[in-house]
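Asks: Need the 3D shape of this:
(4 chains)
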There are 2 protein chains.
Amino acid sequence: MLPKLDPLLHSELRLAVMSILAGVDEADFTYLKKQTGATSGNLSVQIDKLTTAGYITVEKGFKGKMPRTTCRITPAGQEAFSNYVEALKEYLSTGK
Amino acid sequence: MLPKLDPLLHSELRLAVMSILAGVDEADFTYLKKQTGATSGNLSVQIDKLTTAGYITVEKGFKGKMPRTTCRITPAGQEAFSNYVEALKEYLSTGK
DNA sequence: TAAATTTGGTTTATATTATAAACTTGTTTA
DNA sequence: TAAACAAGTTTATAATATAAACCAAATTTA
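Replies: Okay, here's the model as predicted:
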């Protein structure tokens, strides 16, 4: 039977965020917004969910005088992302 | 920028159904139910959506006296599934 | 320097979606 | 013939994603 997909990662925007964070050391809010094309509100909410799940960490600081939100993937997040990718592969490669 | 994922396929159960149908000539309702572990209601609804989208066809007949619902993937469905897989790959293989 | 605009978000409301629960129709079996 | 089962469908509810509205501080412009 096909494996269950982590519902936290099976969301277009959250997956996009995780995908980006998996490839870089860190990324800030505005960068993620540009890369994903998401609205601020949506991105803010999804970042919250990933943070609550322990998949990413958020650090708030300033770049000059402007606020800056920096995100990083956690080891748990890397692990979950990797598991999700493996699970998904079973959906994509059908017996045929 | 990451490609948009077909929302019709970006659903665990619908993706599972399409994944199964992509690999076989046909599959009936009960088979799909067993393979996916879904409830009848959920499966019924998702099959409807895939049918409306033109991704699968549904043929109703009888096996002996019992009703039987047979599903098949359409060329449009194969195409959409394949596009989805390609799009998804861009999410899974991050720059790193 | 006051008003308008932009930046970098958060909160709240709405629309969509997935899921489960309840129901239907007909068939077997005890 | 009553109870249980098969194969679904319909409807209601819960969860989710998304967008709209809002906010505070900083910056630009008149």
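
Asks: Show residues contacting the lengthiest helix in chain A.
Replies: The single longest helix within chain A, with elements called by DSSP state H, is helix A:75-92. Here helix A:75-92 makes contact (CB atoms under 8 Å, 6 or more residues apart in numbering or on different chains) with A:2-6, A:8-10, A:15, A:18-19, A:21-22, A:50, A:53-56, A:73, B:15-16, B:19, B:85, B:88, B:92. Placement of C-beta: from N, CA and C, glycine included.

Asks: In strands, which of those residues appear?
Replies: Among these, the members falling in strands (DSSP state E) are A:I56, A:I73.

Asks: Buried residues of the longest helix of chain A, list them for me.
Replies: By 16 or more other CB atoms under 10 Å in any protein chain shown, the buried positions in helix A:75-92 come out as A:G77, A:A80, A:F81, A:Y84, A:V85, A:A87, A:L88, A:Y91, A:L92.

Asks: ok, now how distant is A:N83 from A:K4?
Replies: 10 Å (CB to CB, to the nearest Å).

Asks: returning to what we had before: save the buried residues of helix A:75-92 as JSON lines, and put in pLDDT and distance to DNA strand C too.
Replies: Converted to JSON lines, the buried residues of helix A:75-92 look like this (pLDDT from 0 to 100; distance: CB to the nearest atom of the strand, whole Å):
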{"residue": "A:G77", "pLDDT": "96", "distance to DNA strand C": "18"}
{"residue": "A:A80", "pLDDT": "96", "distance to DNA strand C": "17"}
{"residue": "A:F81", "pLDDT": "96", "distance to DNA strand C": "20"}
{"residue": "A:Y84", "pLDDT": "95", "distance to DNA strand C": "15"}
{"residue": "A:V85", "pLDDT": "92", "distance to DNA strand C": "19"}
{"residue": "A:A87", "pLDDT": "92", "distance to DNA strand C": "14"}
{"residue": "A:L88", "pLDDT": "92", "distance to DNA strand C": "15"}
{"residue": "A:Y91", "pLDDT": "89", "distance to DNA strand C": "14"}
{"residue": "A:L92", "pLDDT": "85", "distance to DNA strand C": "17"}
